[in-house]
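[1] Give me coordinates for this.
(one chain, ligands or ions: 1)
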Amino acid sequence: MQKSIERIVGDSEGVSYEFPAFRFEGADKAAPSAYLQAALHAGELPGVVAIDALMPMLEKAEAEGRIKGNITIVPQANPIGRAQYHFGEHQGRFHLGTRTNFNRGFPLLAAPDTTLLPDTTLGTADQRLKIRLLQLSLGHDIVLDLHCDDEGLAYLYVHASLWPAMADCASAMGVDAVILWDEDTDGTFEGASITPYLNLPAEVARFDRRVATTVEYRGILDVDGTLAGADAKGLYRLLVARGVVLDQTLSTPGSFTGTVAPLENIDMMPAPRAGAVVYEVKPGDRVAKGALLATIVHAPGEAGGRTQVFAPQAGIILTRRSRRIIRAGEDLLKLVGDRKSADARSGTLED
Ligand SMILES: [Zn+2]
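    Now for the predicted structure:
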């Protein structure tokens, strides 16, 4: 395993950022290669500790000559976001200098060719970081971007062209749900990882062996040794199932038994009032149409001071907010409905 230090020039003299990248060299040039990164949203750490638990497993495989395909790992992909604090609160989702989401604005290339990437010499530091991450990841057959939600189940975003071919991956990782999407207009990292292949001939795009996914490892507080160990095993099982690592002690993943739904089935449930949210449901709950989801206390102690929010359709609660203060119009939760949401949002991932 080789460690390199990646450097990103900052936006002013004397400022720069760095992060390590680790590479395992595969013994078989024909084997699929894999790229894993975590904490692109810099405060989302379940994937960071999962990689921390995965690394010794890969080092053991390397010592035993079982690494078949090249593996690149970036455990903390966003040194800019990691350093952003505003009045004592960490801000790892948006770049404070440009107000741009760190997981938006990646270039959606017409082909998987890093020479097509724009020159960001005169851009901003977050743009340079995005280009560098794409340079590191493009060309790998398997690209995993590890995130987390507020509070939630473990789930994947997957482009529809990769499903059901990626069902073995979802099964290997042990996630609860898979959300399928079609079109990325915002430039997520996942979108930038799969879009370059969409217009290629099938024998070049190789969707049978390609993997690109945003992994949502539950909630922001789920930074936990037991979960990290289980998630590391899930990542390892995926790498074995896809032939990146050889391990004959593992069996082939079974069929995926979790929820699979298109993005358009998600109801985001915007809050009708501002106030304190009292949830009546938690991630994983199955709800019927009309079930009470939450009560918003907007005028405490007054008659009519509570507003109830009901499920617009039957489905499963995928996520909810980690904070209990809400403004009118902000999303209360993600309900994966059994059918298309009446107010389905355009756009892609809501990671
Ligand atoms: Zn995220």
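[2] And the helices in the protein?
    46-63, 79-82, 125-137, 167-173, 189-194, 202-205, 225-241 (DSSP state H).
[3] Of the ones you listed, flag the one that's most buried.
    Highest mean neighbour count of the helices of the chain: helix 189-194, a mean of 26 (counted as mean count of other CB atoms under 10 Å). For the C-beta atoms, the positions are set from N, CA and C on the backbone; glycine is no exception.
[4] which helices and strands sit right next to that one?
    Where contact means 3 or more CB pairs under 8 Å, 6 or more residues apart in numbering; DSSP states H and E, helix 189-194 is packed against helix 125-137, strand 142-149, strand 154-159, strand 211-219.
[5] for the residue lying farthest from the centre of the chain, phi and psi?
    Taking CA atoms, centre = their mean, the residue of the chain most remote from its mean C-alpha position is Ala303, at 42.6 Å. Main-chain dihedrals, Ala303, degrees, to the nearest 10: phi -60, psi 130.
[6] Read off the pLDDT value for it.
    pLDDT recorded at Ala303 is 97.
[7] Just tell me which of the helices and strands packed on helix 189-194 ends up closest to the ion.
    Closest to the ion of the helices and strands packed on helix 189-194, according to CB to the ion: strand 142-149, at 3.3 Å.
[8] would you put the C-alpha positions of the closest one in CSV?
    Extracted in CSV, the C-alpha atoms of strand 142-149 (Å, rounded to 0.1, in the frame of the first residue of the first chain):
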residue,chain,number,x,y,z
ILE,A,142,-16.1,0.7,-8.9
VAL,A,143,-16.6,4.2,-7.4
LEU,A,144,-18.1,4.5,-3.9
ASP,A,145,-18.8,7.9,-2.3
LEU,A,146,-19.6,7.4,1.4
HIS,A,147,-22.0,9.9,2.9
CYS,A,148,-24.6,9.9,5.6
ASP,A,149,-28.0,11.5,6.2
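[9] which neighbours does it have in its sheet, and in what orientation?
    Using DSSP bridges, strand 142-149 pairs in its sheet with strand 34-38 (parallel), strand 211-219 (parallel).
[10] State the distance from the closest residue to Arg324 other than its chain neighbours to Met269.
    The shortest distance from Arg324 to any non-neighbouring residue, by CB to CB, 6 or more residues apart in numbering, is to Val277 (4.8 Å). According to CB to CB, to the nearest Å, Val277 and Met269 sit 11 Å apart.
[11] Report the central residue of the chain.
    Centre-nearest of the chain using CA atoms, centre = their mean is Thr214, 3.0 Å out.
[12] now that residue, which residues is it bridged with?
    Under DSSP bridges, the beta-bridge partners of Thr214 are Asp145, Tyr157.
[13] thought it was touching Asp145?
    Yes - at 5.0 Å, Thr214 counts as touching Asp145 under the criterion of CB atoms under 8 Å.
[14] Find residues that contact each of the two.
    Common contacts of Thr214 and Asp145, defined by CB atoms under 8 Å, 6 or more residues apart in numbering, comprise 103, 189-190.
[15] Dump those residues to TSV, plus distance to Arg320 and pLDDT.
    Listed next are the shared contacts of Thr214 and Asp145 as TSV, based on distance: CB to CB, whole Å; pLDDT from 0 to 100:
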residue	distance to Arg320	pLDDT
Asn103	20	98
Phe189	24	98
Glu190	23	98
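[16] Dump those residues to a markdown table, plus distance to the ion.
    Shown next, in a markdown table, are the shared contacts of Thr214 and Asp145 (distance: CB to the ion, whole Å):
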| residue | distance to the ion |
| --- | --- |
| Asn103 | 6 |
| Phe189 | 9 |
| Glu190 | 11 |
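[17] before we move on, back to that, can you add mean pLDDT and distance to the ion and give the helices and strands packed on helix 189-194 back as a markdown table?
    Converted to a markdown table, these look like this (pLDDT from 0 to 100; distance: least, CB to the ion, whole Å):
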| stretch | mean pLDDT | distance to the ion |
| --- | --- | --- |
| helix 125-137 | 98 | 14 |
| strand 142-149 | 98 | 3 |
| strand 154-159 | 98 | 10 |
| strand 211-219 | 98 | 7 |
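[18] So which of the ones you listed is nearest Ile316?
    Closest approach to Ile316 among the helices and strands packed on helix 189-194 (CB to CB): strand 154-159, 10.1 Å.
[19] what's in contact with the closest one?
    166, 169-170, 173-182, 190, 194, 198, 212-218, 231, 258, 263, 318, 348-349, 351.
[20] picking that back up, could you provide the helices and strands packed on helix 189-194 in a markdown table, with additional columns for distance to Val309?
    Formatted as a markdown table, those follow (distance: least, CB to CB, whole Å):
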| stretch | distance to Val309 |
| --- | --- |
| helix 125-137 | 35 |
| strand 142-149 | 19 |
| strand 154-159 | 22 |
| strand 211-219 | 20 |
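[21] and of the ones you listed, who's closest to Leu54?
    Here strand 142-149 is closest among the helices and strands packed on helix 189-194 (CB to CB), at 10.3 Å.
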